[in-house]
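Novice: Sequence plus predicted model, see below.
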Amino acid sequence: MIAALSQLLIFQLIGEIIARGLELPVPGPVIGMLLLFLTLMVRNGPKPELQSTSQNLLQHLSLLFIPAGTGVIVHLHRIADEWLALLLSLLVSTVVTLAVTALVMQFFNARQSAGE
């Protein structure tokens, strides 16, 4: 389990180094996750140890939201002051996410249909 956690953290660190070194507007963990995904594609999937550790982390994912929830409660006055901007950004990001997801799904469905 320690080796698998180390591997996940190393990919996050590499992502942070790339994001900060190249001054990219993308968070380091996202870049690290993309690099991990590409590595797993080349290796034809994760090793059993990494898969088991990842499953255990996903089972306890809800615990990672406790600090965020606490932060919301602590800064509730700021949310009250800036509710319109927050609401608009949530709505726009949700619509964009849905549109991009639909386009990606259509692309892969068309690609799969062409391959058959």
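Specialist: On my side now, so go ahead.
Novice: from the chain's centre, how far out does the helix or strand of the chain with the lowest mean pLDDT sit?
Specialist: Using mean pLDDT, DSSP states H and E, helix 66-74 stands out as the lowest-scoring helix or strand of the chain, at a mean of 81. Distance of helix 66-74 from its chain centroid, counting by CA atoms, centre = their mean, to the nearest Å, is 20 Å.
Novice: before we move on, what about stretch 35-48?
Specialist: 16 Å.
Novice: Start and end of it, how far apart?
Specialist: End-to-end distance of stretch 35-48: 19 Å, with CA to CA, to the nearest Å as the criterion.
Novice: For that stretch, give me every contacting residue.
Specialist: With CB atoms under 8 Å, 6 or more residues apart in numbering as the test, stretch 35-48 has contacts from Ala4, Gln7, Leu8, Phe11, Ile14, Gly15, Gln51, Ser54. For every residue, glycine as well, the C-beta is placed using N, CA and C.
Novice: how does it look with 10 Å?
Specialist: Stretch 35-48 has contacts (CB atoms under 10 Å, 6 or more residues apart in numbering) with 3-4, 7-8, 10-12, 14-15, 18, 50-54.
Novice: which parts of that stretch are buried?
Specialist: Of all the residues in stretch 35-48, those buried under the rule 16 or more other CB atoms under 10 Å are Leu35, Leu36, Pro46.
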